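how would this look folded up:
(2 chains)
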Number of protein chains: 2
Amino acid sequence: LGHIQSRQSRNTDTLFEIDLGLGTQGSASQALYRGLKAAITDGRLTAGAKLPPARKSAAFFGVSRNTTVDVYAKLVYEGLVITRHGSGTYVAEGVTGSPRVSRHDKDIPDPRLCPFWLRPDTKLAMSFCRDRTQASSRPPDASLLDFRPAMVDPRLFPFDLLRKVSADQFRDSENKPASLKSPLGNQGNYHLRSAIRSHISLTRAVACQADDIIVTSGAQQAFDLLARVLVPSNETIVAVEDPGYPPMRVAFAAAGARVVPVSVDDEGLILERLPADVNVICLCPSHQFPLGVSMSMRRRASLVDFARRRGALIVEDDYDGEFRYEGTPLQALRTADAADVVFYVGTFSKCMLPSLRLGFIVAPDWAMQALIAAKNCLDWHSAIPIQNMVAGFIRDGHLKRHVRKMLGIYKRRRQQLLDSIRGELGEWLTPIPSFYGMHVAAVAPSSVDLDRVTEELLQENVKIHSFSRYYLGPQTRQGLIFGYGTVELSEITTGVSRLRKMLRG
Amino acid sequence: LGHIQSRQSRNTDTLFEIDLGLGTQGSASQALYRGLKAAITDGRLTAGAKLPPARKSAAFFGVSRNTTVDVYAKLVYEGLVITRHGSGTYVAEGVTGSPRVSRHDKDIPDPRLCPFWLRPDTKLAMSFCRDRTQASSRPPDASLLDFRPAMVDPRLFPFDLLRKVSADQFRDSENKPASLKSPLGNQGNYHLRSAIRSHISLTRAVACQADDIIVTSGAQQAFDLLARVLVPSNETIVAVEDPGYPPMRVAFAAAGARVVPVSVDDEGLILERLPADVNVICLCPSHQFPLGVSMSMRRRASLVDFARRRGALIVEDDYDGEFRYEGTPLQALRTADAADVVFYVGTFSKCMLPSLRLGFIVAPDWAMQALIAAKNCLDWHSAIPIQNMVAGFIRDGHLKRHVRKMLGIYKRRRQQLLDSIRGELGEWLTPIPSFYGMHVAAVAPSSVDLDRVTEELLQENVKIHSFSRYYLGPQTRQGLIFGYGTVELSEITTGVSRLRKMLRG
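This next block holds a predicted model:
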């Protein structure tokens, strides 16, 4: 009974063309049972397939009729096959189970999985991340010019200082192991929250107390945490900037919110386009992602008033506000005055490294208890060695110095980029004025086929994003985003030249 | 116009008994506007409260009628008050907003928050965590004897080795910054996943590939991640052991599942009690939490068969399976045979430190894509320095040596504890046989009032949990849980003596 070649057909009992791969161990009955069961559960025998009649078992399986009857009865008992009177025995629906073979390979979503995660739009929105993390360091091919936004070049990061701070923290832990716990609970290491408080009061003029801060594993966890706390029902309406940051939308959509795109103009989010019954308004007022505009002071005041009047809440994503190049400093939306309605999200992914996964929320005090409760459910608290390390890095002044250094580097790159765009690409592209961050957006007339251009550039080893992937609703403007986190001055010149070549067609 | 005492009434315009706390800055109009607005938004003036008629403004506010009319018009425009013709001006519904004062202090859940997080049962279930993290190191009061389960004593952890491994990793990052990225995407550092693979194949006989593993920020994030992926609808039925681990239940309940408690006997989860239409079955087969029993081999086989037949999935929580004291090694439920239906959750919280927040899931391959997509939404990936550090700690053999050392220490504590319980507490308590872990459970007859005992022990500086907090359904057995993660041999003797005193009454 080693291997049996048998044959199948859906309609007749003539052929049973699968290899049951029957083993030699155990009785013939056991071998047949295991072989059929495996064939059913791994999908080689699909739902509706007819099994050979028991009376033909000798020919098919090389076992007696009685053996086959027993085996079929066992399979019926287990629900794997069904008997239709006068017709025969068939593989049951919904049992072709071990999706190792059947489901994964055929790319049919398994009904036991939440379908949201496998939706094409979810995948597309989160593909931003795959890009980001994969290219958060130099690619193996050093000739690649990577203009994608929100990239950080780890070659410019002072790992030696991080190592020293980290070693100091571990030495503390050796001496007093208590320092490795989170002394005031899961809201985050108190020293880190104090350090964050002074960091954002310096760089972003956000006035708050350490107790207004909850530490998260990066901005993405902050969005997920806010989504899980601020979306009480499937009726909750969350307005997002369009174009905007797709992974933030995914967090709110995953929590069951109705995500509504709202257009952006040169002053930022257009308030008149907000749904009247909006519950949560998500935006990047300092440096809109990806267009780069700053929201006007006038509109900020109206936004906060609007939110208060309607009982709506504001999520302010301040992802790269540390890097400001010109103009008077604009304070964050989350001033002391707006502390009751604004959730301010900050991150160390841009000013330090994305691989640390460290961010935070400055939250209204009335919401902190719920945020801590949800954070407990998500992961209790963020990794303490990382929290201690970043607290030490800030305390010792390393963050301030690193931001100053990077500001100089980014400023030169930005100037070079703006000069090159204006000098060489002025025919096709107009930079959108912006004062912050690590990228510049430039708009193009609709006559230019940017999707062709970016695709052709990829062949020339230049990675650059057009606006299209950042729109949720209909695309109203087209353009390119020039991130300068990982491109050096000479690479900017080269990249822009190649781009000019493509644009000339 | 410094302070104005005015009086209010819901029905008449006679009294307006709140302090508007009007400042002296700005015009009288501005002061009145700000004062009224603040009183409305912070809830001192509640919905439906009538404002004094403008003609009586001088008496009430010390300002002219026209000033009051202007201020009221502004408040009407902002939606804070409404005018009923011929009747007067009233505070609008749903605007007593700034919950800084009104909602938080009064402990009324804000309707803008997901109510789940503030439910008393959620808080109670998660209070386990507050306990755990707060006591994951020695308390300031060294005389405290802490018998709570799942504690780890950081004084026994080799921080010097962790520091060296960590420094090596950072030196690598200085030399090749690329090592600080996650080379194969957000599923987790490949070196860590390989190290986990060999760790669990050694300690738990779990045979899998590195690609079957997704790294999480501790077991709690693993539960949350599984809940978000394996609960496609509010109809999803999740069976949990009763008694069981409350924070795991919270993760599934938060994702919208119907969580159903299922009783446990001496062979583990009672399969006959599983709902016929169960979708996900969560359990700790090696060392049931908190009772400590191991699921029999017979029942394991039936469980896997049951799951396959019904299309149900199994979540195996193997939180402390590294520490086995007697008996033949029981393999994990997640054998190669059960790879299609079992999600195995492991953690470094017990065998290393909870403060690292590092765990993992060994998942069926058909589910991995959805898990990675959800992990991206949760926080992209776990902190890379932690992943690198633990990968190095395992690779260099430190984890193996540390587990061996702790096994010796725990074995002596466990023996001491069992001897003391049998010797001194045999009248009241019978230990439940168990072979794994860091705690022993002991049952007591219902005549003993354990809640009184544990409360009185707290007065004597002994912290110990009774079973009661671990039940979701009706409590069917009572007893105490003796964790020995942080108590030394002499402390066990002292603690048991104090317990004996209390039990004698």
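
May I see the buried residues of the host helix or strand of A:Asp419?
According to DSSP states H and E, A:Asp419 maps onto helix A:398-424. Neighbour-count burial for helix A:398-424, counted by 16 or more other Cβ atoms under 10 Å in any protein chain shown, picks out A:398-400, A:402-403, A:406, A:409-410, A:413-414, A:416-417, A:420-421, A:424. Every C-beta, even on glycine, is put in place using the N, C-alpha and C of the backbone.

which residues in the stretch 151-300 of chain A form strands?
A:213-216, A:237-242, A:258-265, A:268-269, A:280-283 (DSSP state E, counting those that start in this stretch).

how far out from the middle of the chain is the longest one?
In this case it means strand A:258-265. 19 Å (Cα atoms, centre = their mean, to the nearest Å).

Packing partners of it?
Counting contacts by 3 or more Cβ pairs under 8 Å, 6 or more residues apart in numbering or on different chains; DSSP states H and E, strand A:258-265 packs against strand A:237-242, helix A:246-254.

strands paired with that strand, and their directions?
Taking DSSP bridges as the criterion, strand A:258-265 sits next to strand A:237-242 (parallel), strand A:268-269 (antiparallel) in its sheet.

ok and that strand relative to helix A:246-254, angle-wise?
150 degrees (axes from the mean of the first three to the mean of the last three Cα atoms, to 10 degrees).

circling back to that earlier point, now, which of the buried residues of helix A:398-424 sits nearest A:Val448?
Of all these, A:Ile421 has the smallest distance to A:Val448: 13.7 Å, by Cβ to Cβ.

Correct me if wrong: the closest one contacts A:Val440.
Yes: the pair A:Ile421 / A:Val440 is scored as a contact, 7.4 Å apart, by Cβ atoms under 8 Å.

what do these two both touch?
Here A:Ile421 and A:Val440 have A:Pro431, A:Phe482 as joint contacts, going by Cβ atoms under 8 Å, 6 or more residues apart in numbering or on different chains.

coming back round to it: in TSV: the strands paired with strand A:258-265, plus mean pLDDT and mean neighbour count.
Below are the strands paired with strand A:258-265 laid out as TSV (pLDDT from 0 to 100; neighbours: other Cβ atoms under 10 Å in any protein chain shown):
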stretch	mean pLDDT	mean neighbour count
strand A:237-242	98	25
strand A:268-269	96	24
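
Distance to A:Ser382 for the ones you listed - can I get that in a markdown table?
Formatted as a markdown table, the strands paired with strand A:258-265 follow (distance: least, Cβ to Cβ, whole Å):
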| stretch | distance to A:Ser382 |
| --- | --- |
| strand A:237-242 | 24 |
| strand A:268-269 | 30 |
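
Would you mind telling me which of the ones you listed is nearest A:Arg452?
The nearest among the strands paired with strand A:258-265, by Cβ to Cβ, is strand A:237-242 at 23.5 Å.

residues making contact with the closest one?
A:227, A:231, A:248-249, A:252, A:257-264, A:269, A:274-275, A:277-284, A:288-289, A:471-473.

please redo it, this time with the cut-off set to 7 Å
A:248-249, A:252, A:257-264, A:269, A:274-275, A:277-284, A:288, A:471-473 (Cβ atoms under 7 Å, 6 or more residues apart in numbering or on different chains).

what lines up beside the helix or strand following the helix holding A:Asp419 in the sheet?
The helix or strand immediately downstream of helix A:398-424 is strand A:430-431, counting by DSSP H and E. Take DSSP bridges as the rule and strand A:430-431 pairs in its sheet with strand A:439-444 (antiparallel).

in the strand it pairs with, what counts as buried?
In strand A:439-444, counting by 16+ other Cβ under 10 Å, buried: A:His439, A:Val440, A:Ala441, A:Ala442, A:Val443, A:Ala444.

Thought A:Leu291 was touching the third one, still the case?
It stands for A:Ala441. Yes: A:Ala441 lies in contact with A:Leu291 (Cβ atoms under 7 Å); the separation is 5.0 Å.

so how far is stretch A:430-449 from its chain's centroid?
Distance of stretch A:430-449 from the chain centroid (Cα atoms, centre = their mean) equals 24 Å.

CA atoms only for it - export them in CSV, please.
What follows is stretch A:430-449, C-alpha atoms only, in CSV (Å, rounded to 0.1, in the frame of the first residue of the first chain):
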residue,chain,number,x,y,z
THR,A,430,6.9,74.8,-9.8
PRO,A,431,8.0,74.2,-6.2
ILE,A,432,5.3,74.7,-3.5
PRO,A,433,6.6,77.2,-0.9
SER,A,434,7.4,75.4,2.4
PHE,A,435,9.5,76.2,5.4
TYR,A,436,9.9,72.9,7.2
GLY,A,437,11.0,69.3,6.8
MET,A,438,12.9,67.0,4.6
HIS,A,439,11.2,67.2,1.2
VAL,A,440,9.9,69.8,-1.3
ALA,A,441,6.9,69.2,-3.5
ALA,A,442,6.6,70.7,-7.0
VAL,A,443,3.4,70.9,-9.1
ALA,A,444,3.2,70.2,-12.8
PRO,A,445,0.6,71.0,-15.4
SER,A,446,-1.7,68.2,-16.3
SER,A,447,-0.2,68.0,-19.7
VAL,A,448,2.9,66.3,-18.3
ASP,A,449,2.7,62.5,-17.9
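
Enumerate the positions of it that are buried.
A:431-432, A:434-444, A:448-449.

hmm, who's touching it?
Contacts for stretch A:430-449 (Cβ under 7 Å, 6+ apart): A:149-150, A:286-287, A:290-294, A:320-321, A:323-327, A:350, A:410, A:414, A:417-418, A:421, A:428-429, A:450, A:477-485, A:503.

Selecting buried members of those in ChimeraX, what would you type?
The ChimeraX command for the buried members of the contacts of stretch A:430-449 (criterion: 16+ other Cβ under 10 Å) is given here:
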select /A:149,150,286,287,290,291,292,293,294,320,321,323,324,350,410,414,417,421,428,429,450,477,478,479,480,481,482,483,484,485,503
